[in-house]
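[1] Mind looking at a prediction? Sequence and model below.
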Amino acid sequence: MIEPVTAAQFDQVATDTKLTVVDLWADWCGPCKMQTPALEALDEEYDGQIKFASLDIDANPGVAEKFDIMSIPALVIFKNGQPTEKVVGFHPQAALKKYLDQKLAEVTA
């Protein structure tokens with residue numbers, strides 16, 4: 001299961017040394033609801049190799065501002081605790097897997 005986080009927990013989640021993917025979403029966002037099952041399946045598939053978390057931007061607007069998130073769904077990718085990339089918009093599971101496989105290879109290389 002993807003760990004839900006708040007703004008207060010966000011910095012702790014992002015300091016993990018492995019690859020971390022934080023899903024920024026809102027309840028009213030249709031594409032966000034479509035993205036969630038793909039992320040949950042990937043969380044299960046990667047089985048701890050990649051840490052996944054989710055943050056509701058309506059309840060935590062400061063995080064969206066901090067990362068200049070103007071559209072959702074948005075994924076903020078962290079490597080070794082540092083934000084390195086943003087992936088904005090809905091992406092099918094296969095496309096996200098290909099992208100994350102590449103990012104995981106970079107972290108473990």
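    On my side now, so go ahead. Numbers count the residues shown, from 1 in each chain.

[2] where are the low-confidence patches of this protein?
    Under the criterion pLDDT under 70, the flagged ranges of the chain are 16-17, 109.

[3] which residue ranges form the strands in it?
    Secondary structure of the chain, counting by DSSP state E: strands at 3-4, 19-25, 50-56, 74-79, 82-88.

[4] Summarise which helices and strands the fourth one is packed against.
    With contacts defined as 3 or more Cβ pairs under 8 Å, 6 or more residues apart in numbering; DSSP states H and E, strand 74-79 has these neighbours: strand 19-25, strand 82-88, helix 93-108. No exception for glycine: its C-beta is placed from N, CA and C like everyone else's.

[5] Given the first one, what are its sheet partners and their directions?
    Take DSSP bridges as the rule and strand 19-25 pairs in its sheet with strand 50-56 (parallel), strand 74-79 (antiparallel).

[6] now that strand and helix 93-108, what's the angle there?
    Put simply, strand 19-25 runs at 140 degrees to helix 93-108, going by axes from the mean of the first three to the mean of the last three Cα atoms, to 10 degrees.

[7] Need the CA coordinates for strand 19-25. PDB is fine.
    Extracted C-alpha coordinates of strand 19-25, given in PDB (Å, rounded to 0.1, in the frame of the first residue of the first chain):
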ATOM      1  CA  LEU A  19      14.400   6.100  -5.000                       C
ATOM      2  CA  THR A  20      11.200   7.700  -3.700                       C
ATOM      3  CA  VAL A  21       8.200   8.600  -5.700                       C
ATOM      4  CA  VAL A  22       5.600  11.000  -4.200                       C
ATOM      5  CA  ASP A  23       2.300  11.200  -5.900                       C
ATOM      6  CA  LEU A  24       0.600  14.600  -5.500                       C
ATOM      7  CA  TRP A  25      -3.100  14.400  -6.100                       C
END
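
[8] Can you list the buried residues in stretch 39-46?
    Leu39, Glu40, Leu42, Asp43, Tyr46 (16 or more other Cβ atoms under 10 Å).

[9] before we move on, what about stretch 71-91?
    Neighbour-count burial for stretch 71-91, with 16+ other Cβ under 10 Å as criterion, is recorded at Ile72, Pro73, Ala74, Leu75, Val76, Ile77, Phe78, Lys79, Lys86, Val87, Phe90, His91.
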